[in-house]
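Asks: quick one, structure for this:
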Amino acid sequence: MKIKSYAAMEAGNALELYEFEAESLSAEDVEVEVEYCGVCHSDLSMIDNEWGISSYPLIAGHEVIGRVSALGEAAKNKGLSIGQRVGIGWTAKSCEHCDACITGDQVNCLNGSVPTIANKGGFADRLRANWQWVIPLPEKLDPASAGPLLCGGITVFKPLLMHNITATSRVGVIGIGGLGHIAIKILHAMGAEVTAFSSTPDKKQSILDMGADHVVNSRDPEELKKLAGQFDLILSTVAVDLDWQPYFAALAPRGNFHTVGAVMKPFEVPAFSLILGDRAVTGSSTGSPGQLRSLLKLAARADILPKVEFFPMSKINEALDHVRAGKANYRVVLKADF
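Replies: You can find the predicted model right below:
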């Protein structure tokens, strides 16, 4: 069977229609017919080889919503069925037997988890993943908009679990873009008090409408100084270097500054800003299958969906350029139209 896809043949080039012969379906794998696939900045980084780890031809796409089209022999009794609507995120496979996998931390598989992009990703009519990483989609979730939850959503949800955020927590979110706006919606659903740090004053009302309790101009040093000692968690979603000291000062005792944005410049953290008050700087990637399932259940119950723009997958290069240029209205989703 041939699979149709859009692939990068070398770094920086436009994607091309690319067909390849699918191998026999592995016993523990599931094949999914793609309906929708989100576009993430990580896709662009891999397509353009910004991280120096890409190999070509490369089929990106890792925010997939689709229907199960085939089950490997060992995947037939794992609770999935042909035609079931499911999602696949950043990770496609993990070993299932190392200590990390056995304890539910599959994303940190000691034998190396396999990213969906490295496993022929979702910019295609079909893709495959290990059954554990094929996440059932609750019926109440809109399949057209749900894809970004599987990467962007879990990226901001996992820190809330790591740091035991509850309805009594005070949380700050830096950067109200593709990741930050989802974080605000999740935190609002959890009942936490949410402060959004934004450099775009024009967004204030729309950010409040998402569920933020307060919006602070991140370009105003005096406003930041007023917040000293307040936050149990500050979640940074930006990939640019900032003056981080006011944010460290804004942490409450035992507070955590947590980054999910790929800032390439090292953080400068004065030791006493952590020592005095038992504060910490932490980071994380995406989440485990269990965490993904929990997020989708919460999203279905609380009506949490990303803000998205749609492109047909046949216009994929236009969509990628739209995201590269910073013109995306939070997230972009492709609709398969092979």
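
Asks: and the helix ranked longest in the chain, what does it pack against?
Replies: With residue count as the measure and DSSP state H as the assignment, the chain has helix 289-302 as its longest helix. With contacts defined as 3 or more C-beta pairs under 8 Å, 6 or more residues apart in numbering; DSSP states H and E, the packing partners of helix 289-302 are strand 135-136, helix 152-162, helix 180-190. C-beta coordinates here come from the backbone N, C-alpha and C atoms, glycine included.

Asks: just tell me which of those ends up closest to V39.
Replies: Between V39 and the helices and strands packed on helix 289-302, the shortest separation by C-beta to C-beta is 10.6 Å, and it involves helix 152-162.

Asks: what is the next helix or strand after the longest helix of the chain packed up against?
Replies: Per DSSP states H and E, the first helix or strand lying C-terminal to helix 289-302 is strand 308-312. When contacts are defined as 3+ C-beta pairs under 8 Å, 6+ apart, strand 308-312 packs onto helix 143-146, helix 316-324, strand 331-335.

Asks: so where do the helices sit in the chain?
Replies: Ranges of helices in the chain, per DSSP H, are 41-47, 99-102, 143-146, 152-162, 180-190, 204-210, 221-225, 245-249, 271-275, 289-302, 316-324.

Asks: I82: which of the ones you listed is closest?
Replies: Nearest of the helices of the chain to I82, taken as C-beta to C-beta: helix 143-146 at 16.8 Å.

Asks: just put the helices and strands packed on helix 289-302 in a markdown table and tack on mean pLDDT and mean neighbour count.
Replies: Below are these laid out as a markdown table (pLDDT from 0 to 100; neighbours: other C-beta atoms under 10 Å):
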| stretch | mean pLDDT | mean neighbour count |
| --- | --- | --- |
| strand 135-136 | 98 | 20 |
| helix 152-162 | 98 | 24 |
| helix 180-190 | 98 | 24 |
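
Asks: so can I have CSV of the ones you listed showing distance to P266?
Replies: Supplementary listing: the helices and strands packed on helix 289-302 in CSV, determined by distance: least, C-beta to C-beta, whole Å:
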stretch, distance to P266
strand 135-136, 34
helix 152-162, 20
helix 180-190, 22
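
Asks: hey, which of the helices and strands packed on strand 308-312 is tucked in deepest?
Replies: Between those, the one whose residues have the most neighbours on average, counting mean count of other C-beta atoms under 10 Å, is strand 331-335 (a mean of 23).

Asks: give the pairing partners of that strand; include direction for each.
Replies: Within its sheet, and counting by DSSP bridges, strand 331-335 is paired with strand 29-39 (antiparallel), strand 308-312 (parallel).

Asks: what pLDDT does I65 get?
Replies: On pLDDT, I65 comes in at 98.

Asks: and for the closest residue in space to L141 that isn't next to it in sequence, the neighbour number?
Replies: When the adjacent residues along the chain are set aside, L141 lies closest to A300, with 4.8 Å between them (C-beta to C-beta, 6 or more residues apart in numbering). The local packing count at A300 equals 17, with neighbours defined by other C-beta atoms under 10 Å.

Asks: for M264, give its distance to L296.
Replies: Distance of M264 to L296, computed by C-beta to C-beta, to the nearest Å: 31 Å.

Asks: more crowded one of the two?
Replies: It is L296, of M264 and L296, that has more neighbours when counted by other C-beta under 10 Å, with 24 against 8.

Asks: what residues are up against the closest residue to the more buried one other than its chain neighbours?
Replies: Across the structure, with C-beta to C-beta, 6+ apart as the measure, the residue nearest L296 apart from its sequence neighbours is P138 (5.7 Å). When contacts are counted by C-beta atoms under 8 Å, 6 or more residues apart in numbering, P138 is found next to L296, K297, A299, A300.

Asks: at 10 Å instead, please
Replies: Under the criterion of C-beta atoms under 10 Å, 6 or more residues apart in numbering, the contact list for P138 reads R85, A146, R293, L296, K297, L298, A299, A300, R301.

Asks: how about P221?
Replies: With contacts defined as C-beta under 10 Å, 6+ apart, P221 is in contact with D243, P246.

Asks: going forward, the N-terminal residue is numbered 41.
Replies: Taking 41 as the first residue, the last one we looked at is P261.

Asks: and it, what's its pLDDT?
Replies: Predicted confidence (pLDDT) for P261: 86.

Asks: how close does it sit to P286?
Replies: P261 sits 7 Å away from P286, going by C-beta to C-beta.

Asks: likewise for D242?
Replies: Shown here: D242 relative to P286, a distance of 22 Å by C-beta to C-beta.

Asks: more neighbours, these two?
Replies: Set side by side, D242 and P286 show more neighbours around P286, with 18 against 7, by other C-beta under 10 Å.

Asks: what about the nearest residue to the more buried one once chain neighbours are set aside, neighbour count?
Replies: Leaving aside its chain neighbours, P286 sits nearest to L264 (3.9 Å; criterion: C-beta to C-beta, 6+ apart). By the criterion of other C-beta under 10 Å, L264 has 19 neighbours.

Asks: got it, and G144?
Replies: With other C-beta under 10 Å as criterion, G144 counts 11.
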